[in-house]
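Asks: got a structure for you, letters missing:
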């Protein structure tokens, strides 16, 4: 990948494409890149919300995301490390309610 913005855009496209069949509920809340994107050493942190995750346990959710991003995780794919959270829309809503209560 040439730079951080192109890597971020490519990851975003891969995720939306992989989860596009789930009634438009998929949202990428956060993508953070850390490190050099020019030499394949970027650390990626993301937060993904999708109704696709509703019936799945954490490991199955992670397998889906790893599969969607597998080309980025290969040598020269632009990603050195990947950290992510996978939430259903309901889990995301509940997490935001807790944050709102703490901030009040």
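Replies: Done, it's in. Keep in mind it's a predicted model, so treat the numbers as computed, not measured.
Asks: which residues in the protein form helices?
Replies: 4-18, 58-68, 70-73, 89-103 (DSSP state H).
Asks: would you list those in a markdown table and tack on mean pLDDT and mean neighbour count?
Replies: Bear in mind the C-beta positions are built from the backbone N, C-alpha and C, glycine included. Rendered in a markdown table, the data for those read as follows (pLDDT from 0 to 100; neighbours: other Cβ atoms under 10 Å):
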| stretch | mean pLDDT | mean neighbour count |
| --- | --- | --- |
| helix 4-18 | 88 | 16 |
| helix 58-68 | 94 | 14 |
| helix 70-73 | 89 | 14 |
| helix 89-103 | 76 | 11 |
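Asks: the most centrally placed residue in the chain and residue 15: what is the separation?
Replies: For the chain, the residue whose C-alpha lies nearest the mean C-alpha position (Cα atoms, centre = their mean) is residue 46; its distance is 4.0 Å. Residue 46 is 8 Å from residue 15, where distance means Cβ to Cβ, to the nearest Å.
Asks: list the residues that contact both of these two?
Replies: Counting by Cβ atoms under 8 Å, 6 or more residues apart in numbering, the common neighbours of residue 46 and residue 15 are residue 28.
Asks: wouldn't residue 86 be in contact with residue 61 here?
Replies: Yes. With contact defined as Cβ atoms under 8 Å, residue 86 and residue 61 form a contacting pair (3.9 Å).
Asks: what sits in contact with each of the two?
Replies: Overlap of the contact sets of residue 86 and residue 61 (by Cβ under 8 Å, 6+ apart) consists of residue 53.
Asks: that older thread, of all the helices of the chain, which lies closest to residue 50?
Replies: Nearest to residue 50 among these is helix 89-103; the distance by Cβ to Cβ comes to 7.8 Å.
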